[in-house]
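S.K.: mind folding the following:
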Amino acid sequence: MSTDSTEPTTPEQVEAFFTRASGDYVFARWGRPIAPVVFGVEDETLSVIKSAIEACIAIAGHRIEDVDPELGTNLMMFFLSDWAELLDVPHMGDLIPDLAARVETLQAKNAHQYRAFRFDDAGAIKACFTFVRMSDAMAEVPAEVIALSQAVQAMLLWSDTAFTQDSPLALSPAGTVIRPDVANLLRAAYDPMLPPSARDASHALRLYARVMAG
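M.R.: Numbering: from 1, shown residues only. Model (predicted):
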């Protein structure tokens, strides 16, 4: 985790946050209020995770609600000790297609996290399912760090390579915070003048302009 970070200074840097390993530019934000639920943690940790989600939503200027009228809850976070546990969760196969194959892939990669998004007709995010495997290494990471990192990554359809090398968080005198460049992008991405989804890299120019405008 870095101790400081600078804002993106070029449209290319902004574009990279949403350019996938395939080379495709794919952007999406939530198109509806977020109704979160968390599974697999103690009450003390639950409050930390919910606070992290609320903080990200506040930065974006988005909305949070107790219930989604269509789905009930639309941001589900699952914390588990082994990927095989997913196979025993009732109806999990309805959320994750080809669940057994997905579990096998996650085990083979020794993955620590996985996210699956669902989208509405406009391409906006309508649901996000986040899974975090609390391995021995992850168990040593402070709860607030895990919570804030996962909350940030659930707010937008970031590139699959966006945070593989660098955390979206930074250390400040006040503690762990969202990196300034990431926070500014999050805020800009929810500008109501921008579309909820985009697949043309020219969208990054509009994001960049809003980041620079502050």
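
S.K.: use CA for all of it now, contacts and neighbours both
M.R.: Will do.

S.K.: packing partners for the longest helix belonging to the chain?
M.R.: The single longest helix within the chain, with elements called by DSSP state H, is helix 43-60. Where contact means 3 or more C-alpha pairs under 8 Å, 6 or more residues apart in numbering; DSSP states H and E, helix 43-60 is packed against strand 36-39, helix 143-155, helix 180-189.

S.K.: export the ones you listed to JSON lines and tack on mean pLDDT?
M.R.: Below are these laid out as JSON lines (pLDDT from 0 to 100):
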{"stretch": "strand 36-39", "mean pLDDT": "96"}
{"stretch": "helix 143-155", "mean pLDDT": "96"}
{"stretch": "helix 180-189", "mean pLDDT": "96"}
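
S.K.: quick one: closest of those to Ala162.
M.R.: Ala162 sits nearest to helix 143-155 of all the helices and strands packed on helix 43-60, at 9.6 Å, using C-alpha to C-alpha.

S.K.: what's the angle between that closest one and helix 43-60?
M.R.: 40 degrees (axes from the mean of the first three to the mean of the last three C-alpha atoms, to 10 degrees).

S.K.: for helix 143-155, give me every contacting residue.
M.R.: Helix 143-155 is contacted by residues 29-30, 45, 48-49, 52-53, 56-57, 115, 128, 130, 167-169, 176-178, 186 when judged by C-alpha atoms under 8 Å, 6 or more residues apart in numbering.
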